[in-house]
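[1] could you look at this predicted model? Sequence included:
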Amino acid sequence: MQRRRRPPPPASQLPEGCGGGGGRGGSEEVEVQFSAGRLASAAAVAAAAAAARSTEEEEERLEREHFWKIINAFRYYGTSMHERVNRTERQFRSLPDNQQKLLPQFLLHLDKIRKCIDHNQEILLTIVNDCIHMFENKEYGEDGNGKIMPASTFDMDKLKSTLKQFVRDWSETGKAEREACYQPIIKEILKNFPKERWDPSKVNILVPGAGLGRLAWEIAMLGYACQGNEWSFFMLFSSNFVLNRCSEINKYKLYPWIHQFSNNRRSADQIRPIFFPDVDPHSLPPGSNFSMTAGDFQEIYSECNTWDCIATCFFIDTAHNVIDYIDTIWKILKPGGIWINLEPDNQWLFSDCSVYECIVSKFESGSKVMLRCRRRLAARRHDKVAFLLVNSLTFPWFWHQSYRP
Ligand SMILES: C[S@@+](CC[C@H](N)C(=O)[O-])C[C@H]1O[C@@H](n2cnc3c(N)ncnc32)[C@H](O)[C@@H]1O
């Protein structure tokens with residue numbers, strides 16, 4: 001088993017004929033390659049390291065455990081969701097008859113939700129059935145006794161938000177939200193690396209925190225050499241499925257909103273399906289160089305002066321220490337390379353990254369981190385508001401209506 005802590009450099013950095021970067025090589029049969037770095041949960045690894053100067057084997061064991069834990073979460077989804085619906089039904093039946101009669105369709109609606117849960121579960125099983133051997137350089141052994149165990153609420157929440165990520169990244173329904181976030185980034189790339197002046201296949205672009213991979217895929221579609229990086233198995237299993245197993249447009253259906261029992265205008269909105277993929281992910285142009293790496297961005301990417309461009313979207317706020325993230329970004333960018341970043345509410349472009357001095361200040365909300373880089377920094381702010389994973393049919397929070405008796 002080969003264990004790769006660092007991803008291969010993009011093909012454009014390798015001598016001719018080396019391939020590299022998991023590039024697709026232009027053939028429809030060639031898969032988007034996923035290579036794995038270390039993927040155990042950071043907290044688990046940190047704890048183990050502190051307690052026992054964790055050995056390589058211990059890390060391997062934790063990583064394997066983590067891998068199977070997430071697969072178990074995918075398999076446990078149906079049980080967990082049915083319990084949720086059963087609880088709601090019990091609560092409803094505990095109401096006095098006259099109150100139940102006010103909602104004659106309610107039990108019928110719960111039955112519809114149950115059908116949607118079963119459908120989602122089928123898709124989730126298809127996704128994980130396909131991921132056991134997804135890494136070109138890593139295997140995670142056998143499935144123990146294969147028994148499905150209860151998964152944590154935390155993992156169930158992650159799984160539900162992964163389902164919503166399908167809307168944003170790979171469905172027609174998510175187009176507006178997707179374009180609001182990805183198009184400004186793509187425009188900056190096109191502006192800074194215009195095809196009249198650059199051979200896009202030689203422009204190396206990294207997308208850390210790539211989620212389900214749509215932004216990285218869009219960049220590769222334009223001919224740039226692009227690598228997505230992601231550390232969550234929830235995302236990795238799902239992006240592997242879309243990028244490598246889906247080719248028929250809108251072949252699959254999901255019900256991403258069924259977990260939301262409040263704030264729905266109509267019952268029908270809760271069981272509204274979405275279809276994916278809205279495009280054929282295999283339609284990359286011949287010779288495309290597109291790959292995904294699995295693992296912690298800071299651990300995997302340490303080589304100086306490697307990337308022409310780093311594009312981050314809703315990523316920087318995942319940092320425990322945002323300055324460490326920025327240090328890594330600056331280090332791995334080539335001199336004169338650019339970092340394009342999009343965050344909720346604010347969008348910043350930092351260019352000429354060879355010089356930096358940054359100050360991090362928090363606004364009173366505590367949720368926005370503003371980065372100010374001095375000297376030769378071109379920071380452009382676009383005042384478009386971006387939303388992440390919103391059900392557009394739910395009540396916007398400024399919406400109100402009054403009723404008269
Ligand atoms: C809020 S999501 C945004 C996903 C995608 N960029 C988008 O805009 O839809 C942040 C992503 O970064 C990933 N992530 C967080 N920390 C990471 C790290 N240290 N290395 C790699 N990925 C990371 C998370 O798993 C998650 O998928």
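    Done, it's in.
[2] stretch 192-207: end-to-end distance?
    For stretch 192-207, the first-to-last residue distance is 16 Å (C-alpha to C-alpha, to the nearest Å).
[3] briefly note if it comes near the ligand.
    No: between stretch 192-207 and the ligand, judged by C-beta under 6 Å from any ligand atom, nothing touches; the nearest distance is 7.2 Å. C-betas here are computed from N, CA, C, even on glycine.
[4] which helix runs longest in this protein?
    helix 56-93 (DSSP state H).
[5] buried residues in that helix?
    Within helix 56-93, the residues that count as buried by 16 or more other C-beta atoms under 10 Å are 58-60, 62-64, 66-78, 80-81, 84-85, 88-89.
[6] which residues of this protein lie near the ligand?
    So far as C-beta under 6 Å from any ligand atom goes, the chain lies against the ligand at 168, 181, 208-211, 229-232, 235, 296-298, 313-315, 318.
[7] how about a cut-off of 8 Å?
    The chain comes close to the ligand at residues 42, 165, 168-169, 181-182, 207-212, 214-215, 229-232, 234-235, 295-300, 312-315, 317-319, 325, 342, 388-389, as judged by C-beta under 8 Å from any ligand atom.
[8] sort out for me which of these are in helices.
    Checking those against DSSP H, those in helices are 42, 165, 168-169, 181-182, 214-215, 234-235, 297-300, 325.
[9] just give me the closest of those to the ligand.
    residue 297 (3.5 Å; C-beta to the nearest ligand atom).
[10] strands of the chain, start to end?
    34-36, 204-208, 225-230, 252-254, 274-276, 290-294, 307-313, 333-342, 347-350, 358-362, 369-373, 380-381 (DSSP state E).
[11] nearest to residue 93, of those?
    Closest to residue 93 of the strands of the chain, according to C-beta to C-beta: strand 252-254, at 29.2 Å.
[12] and the closest one, what does it pack against?
    Helices and strands touching strand 252-254, by 3 or more C-beta pairs under 8 Å, 6 or more residues apart in numbering; DSSP states H and E, are helix 106-129, helix 153-170, strand 274-276.
[13] about what we covered before: of the ones in helices among the residues of the chain next to the ligand, buried ones?
    Counted by 16+ other C-beta under 10 Å, those give 165, 168-169, 181-182, 214-215, 234-235, 297-298, 300, 325 as buried.
[14] any chance of the helices and strands packed on strand 252-254 in CSV with mean pLDDT as columns?
    Output for these, formatted as CSV (pLDDT from 0 to 100):
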stretch, mean pLDDT
helix 106-129, 97
helix 153-170, 97
strand 274-276, 98
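[15] can you say which of those is packed in most?
    strand 274-276 (a mean of 21; mean count of other C-beta atoms under 10 Å).
[16] contacts for that one?
    Applying C-beta atoms under 8 Å, 6 or more residues apart in numbering, the contact partners of strand 274-276 are 166-167, 170-174, 242, 246, 250-256.
[17] that one pairs with which strands, and in what direction?
    strand 252-254 (antiparallel) (DSSP bridges).
[18] next, count neighbours for residue 130.
    14 (other C-beta atoms under 10 Å).
[19] do you know how far residue 308 is from residue 302?
    17 Å (C-beta to C-beta, to the nearest Å).
[20] cool, residue 196 as well?
    If you go by C-beta to C-beta, the gap between residue 196 and residue 302 works out to 34 Å.
[21] hang on, isn't residue 238 packed against residue 127?
    Yes: Residue 238 is within contact range of residue 127, at 5.8 Å (criterion: C-beta atoms under 8 Å).
[22] tell me the predicted confidence for the residue lying closest to residue 246 once chain neighbours are set aside.
    The spatial neighbour of residue 246 that comes closest, neighbours along the chain excluded (C-beta to C-beta, 6 or more residues apart in numbering), is residue 277 at 4.9 Å. Note for residue 277: predicted pLDDT of 98.
[23] one more: residue 353?
    At residue 353, pLDDT is 41.
[24] quick one: least confident helix or strand in this structure?
    Using mean pLDDT, DSSP states H and E, strand 358-362 stands out as the lowest-scoring helix or strand of the chain, at a mean of 38.
[25] distance of residue 244 from the ligand?
    18 Å (C-beta to the nearest ligand atom, to the nearest Å).
[26] let me know the average pLDDT across stretch 61-80.
    pLDDT averaged over stretch 61-80 gives 94.
[27] brain fart, stretch 231-251
    96.
[28] can you pull the buried residues of that stretch?
    Quick answer for stretch 231-251 (16+ other C-beta under 10 Å): 231-246.
[29] and the most centrally placed residue in the chain, what pLDDT?
    For the chain, the residue nearest the mean C-alpha position is residue 211 (1.4 Å; C-alpha atoms, centre = their mean). Confidence at residue 211, expressed as pLDDT, is 97.
[30] ditto for residue 301
    Confidence score, pLDDT, at residue 301: 96.
[31] and the nearest residue to it once chain neighbours are set aside, what does it touch?
    Residue nearest to residue 301 in three dimensions, not counting chain neighbours: residue 332, with 5.0 Å by C-beta to C-beta, 6+ apart. Contact analysis of residue 332 by C-beta under 8 Å, 6+ apart lists 206, 301-307, 310.
[32] how does it look with 7 Å?
    301, 303-304, 306-307 (C-beta atoms under 7 Å, 6 or more residues apart in numbering).
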